[in-house]
Each structure stands twice: as C-alpha cells, then as structure tokens.
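Engineer: Have a look at this prediction, sequence included:
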Amino acid sequence: MATARIPSHLRKLVVHNITNKFRDAVKTVSVQIPQLGPTDLLVKTRFVGINASDINYTAGKYDPKKKPPFDAGFEGVGVVVDMGDACKGFSLGQPVGYMKYGSFADYVVLSAKTVFPLPEAKAEYVPCLVSGLTAAVSLDKVGEIKSGETVLVTAAAGGTGQFAVQLAKNAGCHVIGTCSTDDKVEFLKSIGCDRPVNYKKENLNEVLKKEYPRGIDVVYESVGGEMFNIALGRLALHGRLIVIGFISGYETDLGFIPTNLSTLPQRILPKSASVRGFFLFHHYQHFKKHFQNMISLISAGNLKSIVDNGRHWPTGPFRGLDSVPNAVDYLYSGKSVGKIVVEFPDEEQSKL
C-alpha cells in the first residue's frame, strides 16, 4: 500500500571520493526507489541532521575498508509513505525518526524495527537521534553520572553538548560548559549550565584549578587536542573522562590532533580515574529507552532541543538535499548554536 505521488526515483548524496572535504567527497545521484520487503518502510524525508562526523565518514575514518561509492548521512525525520505487507503498528503518514548510513536522501527505505515513532515530523526531534542519544547513553552507561557530581561538557553549545548539559542537570549534577563566544555563554545559561566558560576569554585550566580544586567527576569530551589534555589533568578521584569525539582534528589529514599519552598511566592511576571511549552504534540495546525518555522530557518542558537551520548563514536557511554541503561548512565555521538541521520541504504542503 502507498500514498499517492511517490516518484519512481530518489535523490541522494553518494561519496565518490575519500576526503574530509565534504563538498569534494559527495555527488548527487538519482536512483530507482528499491522494492520494499515485507517489513520495510518507505519514508519521505522532512529533516536531516548535520554531524561533525559526516566528514569522518567521507574521509573513510569509520571503516577504512569501505570503498566508494557509498551513501552519506546518519539521521533524519520523515513520514511513512509506503510499507511492506508485514509491517505492523505503522500507518501511512506516520512521523518517524531514524538513524541510517545514507540518510542524506529525499526518500529512505528502513526496516520497521529500527525506526522511532514520533508525535510529529518536527525539526526539534532530529537532535534527539545521534546527538541526543550520544549524550544520554554515554552519560548513563559510560559516565555513570550521579546526583551531586561535577560534570564538564566541552563544546557545550553544540548539537550534542546541549543535551549533555541538560541531562546532567536533570540528574542533579553541577555542570560546567565550554564555548567560544559570549552569545554561546548566554545560550548555555538559558539551558541551565551552572558555569559557562568562553575559552577564548578565560583560561579553562585556571578556571577549573581555582574554582573546582576537588576536580571534575565526569567529563563529556568532544574536542580533543589541548582540551582533552586540560580535562584529563583536572579529573577528580574516581573521575571518568568520556571521549565521544575530537572535532578539533577532523579537518586535518590525520583526522585528529596527536596527543602525548605516554604519561597517561601515571596521570590516572593515583586518582583511580579512567578514560572511556564511546561510539554510539555499539549501544543499540539502549536506544529506544533513552530516545523515548528524551521525547517525554521535551513534551513535559524539561528538555530543550535547540535547532539551527542556518538562518544567519549566507546560504541559509538550509532547505533541500543540495544545501547539505553548505550546512556542513556552517558546522565547521564554529558559528552555529545547537543542532544544525536541513529541512526537506513538503511539496504537497507548499502547494496548499
């Protein structure tokens, strides 16, 4: 069964060249929409999310054995427009969220068991996917945060940082957040951050040393390089440093900024501290519980999901598949606040 006006072909971004320069890596191609299996859904894209790791993926950092061509994009929100005969519990027009390699496309085919049903097809639900789940699952399962602890969130005004700040606050923690502008300081205050630090105006290491002499219990670290070194040095007894990324190096040839870790054992052993890596797609079993919790928190007004559609960027706001490379450029400009989302206009609604 299907709704009317499903095209025979879809458009998508395909990686043809291994490079961290997203615009040079991808091409737009048109392919026939595949035939659905009995438990497949065909979803029309309404919004896609932009992630720092989009350029890691095009650079082959996630799977060096993967050779072009392969599809780009990690996440989206859309509506079901067709489904296989064995799909249960879904209806045509139903809004869903999804995480799938190849989400930069105007239609996607998804296994029904992998999608997240949504109340509406809204941009505000996109950040709950890769960004929100990374924060929610890692803080809970890897960071093991507890009420009363002090949590440091780096890149706190970004897509995932905004969730780490708020979820840590909701757990009863004192939260420090780093950012790069005074506007972002105000943004962090608006979402409950106790101590925003504009690292371009304040020396983060000195702030932590003077104001938090006991140290930091949990660090949610996504920057790498010197930021990682500072956070590591300020861990408290039994401190946990979660590495969820190292964005400061993503645009380099290596994909990271080399860090001298030869003294790591000597730095963490006296504190019984630990450094813990987190890669979201190793934690599928926790997705639905944490996703549903975030949706409930948003509905109750206890969690803000802030979206940036590029309205202050020269080529924004971002609309349609062809604007995705501009949105990736915007992310690396350092000017965005919250999660960058690209809208795929609903042609039927626009004609009404």
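Structural biologist: Yep, that arrived.
Engineer: Please count neighbours and contacts with C-alpha atoms only from this point.
Structural biologist: OK.
Engineer: quick one: low-confidence ranges for the chain?
Structural biologist: 1-4, 347-352 (pLDDT under 70).
Engineer: residue closest to the middle of it?
Structural biologist: Nearest residue to the geometric centre of the chain (CA atoms, centre = their mean): residue 131, 2.7 Å.
Engineer: Tell me where the stretch 201-350 of the chain has helices.
Structural biologist: 204-211, 226-233, 264-268, 287-299, 324-333, 347-350 (DSSP state H, counting those that start in this stretch).
Engineer: Can you check which of the ones you listed gets nearest to residue 18?
Structural biologist: Between residue 18 and these, the tightest spacing by CA to CA is seen for helix 324-333, at 15.2 Å.
Engineer: For that closest one, buried residues please.
Structural biologist: Neighbour-count burial for helix 324-333 flags 324-328, 330-331 (criterion: 16 or more other CA atoms under 10 Å).
Engineer: Using TSV, lay out those together with distance to residue 31.
Structural biologist: Converted to TSV, the buried residues of helix 324-333 look like this (distance: CA to CA, whole Å):
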residue	distance to residue 31
324	19
325	20
326	23
327	23
328	24
330	28
331	28
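Engineer: from those residues, which is closest to residue 273?
Structural biologist: Residue 273 has its nearest neighbour among these in residue 331, at 32.4 Å by CA to CA.
Engineer: which ones are touching that closest one?
Structural biologist: 50-52, 340 (CA atoms under 8 Å, 6 or more residues apart in numbering).
Engineer: cool, residue 187 as well?
Structural biologist: residue 157.
Engineer: Repeat that for residue 288.
Structural biologist: residue 116.
Engineer: hey, what's residue 29 bridged with?
Structural biologist: Beta bridges link residue 29 to residue 12, judged by DSSP bridges.
Engineer: That one reaches residue 9, doesn't it?
Structural biologist: No. Counting by CA atoms under 8 Å, residue 29 does not reach residue 9; the two are 9.9 Å apart.
Engineer: Give the helix, strand or coil label for the residue nearest to the centre of the chain.
Structural biologist: helix (DSSP: H, G, I helix; E, B strand; the rest coil).
Engineer: Next, the contact list for it, please.
Structural biologist: Contacts of residue 131 by CA under 8 Å, 6+ apart are 159-161, 163, 339.
Engineer: now those residues: which count as buried?
Structural biologist: 159-161, 163, 339.
Engineer: tell me which of the residues you listed is nearest to residue 293?
Structural biologist: Closest approach to residue 293 among the buried ones among the contacts of residue 131 (CA to CA): residue 163, at 12.4 Å.
Engineer: And the helix or strand where the closest one lies, what does it pack against?
Structural biologist: For residue 163, the host element (DSSP states H and E) is helix 161-170. Here helix 161-170 touches helix 130-137, strand 150-153, strand 174-179, going by 3 or more CA pairs under 8 Å, 6 or more residues apart in numbering; DSSP states H and E.
Engineer: Repeat the analysis, applying 6 Å as the threshold.
Structural biologist: Applying 3 or more CA pairs under 6 Å, 6 or more residues apart in numbering; DSSP states H and E, one finds that helix 161-170 makes contact with no other helix or strand.
Engineer: So which bits of it are buried?
Structural biologist: For helix 161-170, by 16+ other CA under 10 Å, it's 161-169.
Engineer: export the residues you listed to TSV and tack on distance to residue 116?
Structural biologist: Shown next, in TSV, are the buried residues of helix 161-170 (distance: CA to CA, whole Å):
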residue	distance to residue 116
161	22
162	21
163	18
164	21
165	24
166	22
167	20
168	24
169	25
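Engineer: so who does residue 120 touch?
Structural biologist: residue 95 (CA atoms under 6 Å, 6 or more residues apart in numbering).
Engineer: go again using 10 Å as the cut-off
Structural biologist: 77-79, 94-97 (CA atoms under 10 Å, 6 or more residues apart in numbering).
Engineer: which residues touch the closest residue to residue 30 other than its chain neighbours?
Structural biologist: Excluding the flanking residues, the one nearest residue 30 by CA to CA, 6 or more residues apart in numbering is residue 11, at 4.5 Å. Residue 11 sits next to 28-33, 104-108, 321-322 when contact means CA under 10 Å, 6+ apart.
Engineer: All good on my end, thank you.
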